[in-house]
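Enquirer: Just a sequence and a predicted model for now, questions to come.
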Amino acid sequence: MSDEVELLKRVYDRFNARDMETVLAAMHEEIIWANGMEGGHVHGRDEVRSYWTRQWAMIDPHVEPVAFAHSPEGDVVVEVRQVVRDLNGNLLADKIAGHVFRIENGLIKRFDIRGT
């Protein structure tokens, strides 16, 4: 699991740095990505790019991984601390959440938010 954990640590770091292209490059071209703001999923790198562009125009999320585990299905489950601020820096949310990643051939194939 260490390669997958290292991949995800880099992805979270680059997401928090708003290095979108590096994060997108870690995804399968046909990624299925949970849309935590509007519900459902977005499909493909272009839709993830569009989703994040909309998201970052409205809020400033920061997500830090706290713990990593494997699910019985082989997914990587990440417990994260998610701090969301408005664009003026005011705190909107500070919570622990669960992220579930399916990784295939070294690329993220699917991302879900646990409990949604």
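Expert: Looks like it came in fine. Numbers count the residues shown, from 1 in each chain.

Enquirer: Can you tell me what sits against the lengthiest strand in the chain?
Expert: If you go by DSSP state E, the chain has its longest strand at strand 91-104. Strand 91-104 is contacted by residues 4, 7-8, 28, 59, 63, 66, 71, 74-86, 108-115 when judged by Cβ atoms under 8 Å, 6 or more residues apart in numbering. (C-beta placed from N, C-alpha, C; glycine too.)

Enquirer: what kind of secondary structure is the residue lying farthest from the centre of the chain in?
Expert: In the chain, counting by Cα atoms, centre = their mean, N88 sits farthest out from the average C-alpha position, at 22.7 Å. Here N88 is recorded as coil under DSSP: H, G, I helix; E, B strand; the rest coil.

Enquirer: which sections of this structure are below the confidence cut-off?
Expert: Scanning the chain for pLDDT under 70 picks out 1, 115-116.

Enquirer: about what we covered before: write the ChimeraX selection for whichever of the contacts of strand 91-104 are buried.
Expert: Applied in ChimeraX, the following selects the buried portion of those according to 16 or more other Cβ atoms under 10 Å:
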select :4,7,8,28,63,75,76,77,78,80,82,83,84,108,109,110,111,112
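
Enquirer: among the contacts of strand 91-104, which are in helices?
Expert: Judged by DSSP state H, helices contain the following of the contacts of strand 91-104: E4, L7, L8.

Enquirer: My understanding was that the second one contacts V78; is that so?
Expert: In this case it means L7. No. L7 is not in contact with V78 according to Cβ atoms under 8 Å; the separation is 11.2 Å.

Enquirer: now E6: how far from Y12?
Expert: Distance, E6 to Y12, using Cβ to Cβ, to the nearest Å: 11 Å.

Enquirer: And for G39?
Expert: Plainly put, G39 is 22 Å away from Y12 if you go by Cβ to Cβ.
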